[in-house]
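> Have a look; sequence and predicted model below, questions after that.
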Amino acid sequence: MSKPHEDPIEESERIADAARRKKLGLKLLGGAGIHAHSPSARKPPLKRKYGDLDFVMTKRDRKAVLELFRELGYEANDRFNLMNGDRRLYFYDAHHSRQVDVFVDVFRMSHTIDLRGRLEHEHPAVSPSDLLLSKLQIYEVNHKDLVDIVALILDHTIEMNGHDEAIEAAYIARVAAEDWGFYRTLQVNTEKLRGMLHELDVDRDLVSARLDELWRVIEGQPKPLKWRLRAQVGDRVRWYELPEETRSPYQPE
């Protein structure tokens, strides 16, 4: 049994390499995923420290992923995994007091992103489009999340359908058109992002132009009746979830 690295990025790469060798559909999410895709996240002013790691996996690999993390020196949260293992798994690095959160097929936090069929690629992280959605869907978005989003937008072009390293505007527009609540959170967080750009020494005009380009496609996507009816209700009814943070049984209170 090997031991996890102290540095979260080095550790995320170790896990990703091990998963690739075993041909598992296990992909990085979160800040480490953006670090893997975006050079701007690796240098000032957008470089930052990372903590816990997040992944998503295909359901078919559940048994193999449980074995993989055991081999890599992690302790499984057996009680949580038994009760929730069809949608989420937790592992703990007792050496560095760090948790690994693994979503199964679907990423569920403030909103839901169905990643089935979107994990069959070589890159160790989910696509830039899914990373962008996973950050913009956070209702209680923080400064670190916004910094990560800026790195993504700086380093990836906006294209209608695009390729592995582009932000797929048509895909994001379809997700926003399926759920008014998701659309609303994307809208709120985009405004927060625009509001903090002046704080960063980056190409603000490029970020703004790419946001404009993305939103032209989102707004142009036809919205179904269900979406339009929910839009009429608007902010009077809560449109997001506030996910509870699950603690590992190995973590001190």
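Yep, it's here.
> buried set for stretch 36-45?
Ala36, His37, Ser38, Ser40, Ala41 (16 or more other CB atoms under 10 Å). For glycine as for every other residue, the C-beta is placed from the backbone atoms N, C-alpha and C.
> again, but for stretch 122-137
123-137.
> Among the buried residues of stretch 36-45, pick out the one closest to Leu26, please.
Ala36 (13.1 Å; CB to CB).
> Check which helix or strand that closest one maps to.
Secondary structure from DSSP states H and E places Ala36 in helix 30-37.
> in the helix or strand of the chain with the lowest mean pLDDT, what counts as buried?
Least confident element among the helices and strands of the chain, by mean pLDDT, DSSP states H and E: helix 78-84 (a mean of 94). For helix 78-84, the neighbour count (16+ other CB under 10 Å) marks Phe80, Asn81 as buried.
> Going along the chain from that helix, find the next helix or strand for me.
Heading C-terminal from helix 78-84 (DSSP H and E), you reach strand 88-93.
> Give me the sheet partners of that next one and which way each runs.
If you go by DSSP bridges, strand 88-93 pairs up with strand 75-76 (antiparallel), strand 98-104 (antiparallel).
> which SS class is the residue nearest to the spatial centre of the chain?
Nearest to the mean C-alpha position of the chain, by CA atoms, centre = their mean, lies Ser134 at 3.6 Å. Per DSSP: H, G, I helix; E, B strand; the rest coil, the local secondary structure of Ser134 is helix.
> In contact with it, which residues?
Ser134 is in contact with Leu29, Gly30, Phe107, Met109, Ile113, Val126, counting by CB atoms under 8 Å, 6 or more residues apart in numbering.
> make it 6 Å
Residues in contact with Ser134, defined by CB atoms under 6 Å, 6 or more residues apart in numbering, are Leu29, Phe107.
> Tell me how far it lies from Ile9.
Distance, Ser134 to Ile9, using CB to CB, to the nearest Å: 18 Å.
> what does the strand or helix carrying Arg210 contact?
Taking DSSP H and E as the definition, Arg210 sits inside helix 204-220. Helix 204-220 has contacts (CB under 6 Å, 6+ apart) with Val150, Ile153, Ile158, Ala169, Ala173, Ala176, Leu197.
> And stretch 4-24, by the same measure?
So stretch 4-24 is contacted by 26, 28, 32, 35, 50, 53, 61, 64, 73, 93, 95-96, 124 (CB under 6 Å, 6+ apart).
> chain center to the helix holding Arg210: distance?
The gap between where helix 204-220 is centred and where its chain is centred comes out at 20 Å by CA atoms, centre = their mean, to the nearest Å.
> pLDDT on it, on average?
Throughout helix 204-220, pLDDT has a mean value of 98.
> For that helix, could you pull out the residues that count as buried?
By neighbour count on 16+ other CB under 10 Å, the buried set for helix 204-220 is Val207, Arg210, Leu211, Leu214, Trp215, Val217, Ile218.
> next SSE after that helix?
helix 225-233.
> in terms of contact count, name the helices or strands touching that next one.
In terms of contacts (3 or more CB pairs under 6 Å, 6 or more residues apart in numbering; DSSP states H and E), helix 225-233 is packed against helix 180-196.
> Taking helix 204-220 as reference, get the angle to the helix it packs on.
Interaxial angle of helix 180-196 relative to helix 204-220 (axes from the mean of the first three to the mean of the last three CA atoms, to 10 degrees): 160 degrees.
> CA atoms only: put helix 180-196 into CSV for me.
Output in CSV follows, covering the C-alpha atoms of helix 180-196 (Å, rounded to 0.1, in the frame of the first residue of the first chain):
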residue,chain,number,x,y,z
TRP,A,180,-34.5,27.8,-14.7
GLY,A,181,-32.9,27.5,-11.3
PHE,A,182,-29.6,26.4,-12.8
TYR,A,183,-29.8,29.3,-15.3
ARG,A,184,-30.5,31.8,-12.5
THR,A,185,-27.5,30.7,-10.5
LEU,A,186,-25.3,30.9,-13.6
GLN,A,187,-26.7,34.4,-14.1
VAL,A,188,-26.0,35.5,-10.5
ASN,A,189,-22.5,34.1,-10.5
THR,A,190,-21.6,35.6,-13.8
GLU,A,191,-22.5,39.0,-12.4
LYS,A,192,-20.4,38.3,-9.3
LEU,A,193,-17.5,37.3,-11.6
ARG,A,194,-17.8,40.5,-13.7
GLY,A,195,-17.9,42.5,-10.4
MET,A,196,-14.6,41.1,-9.1
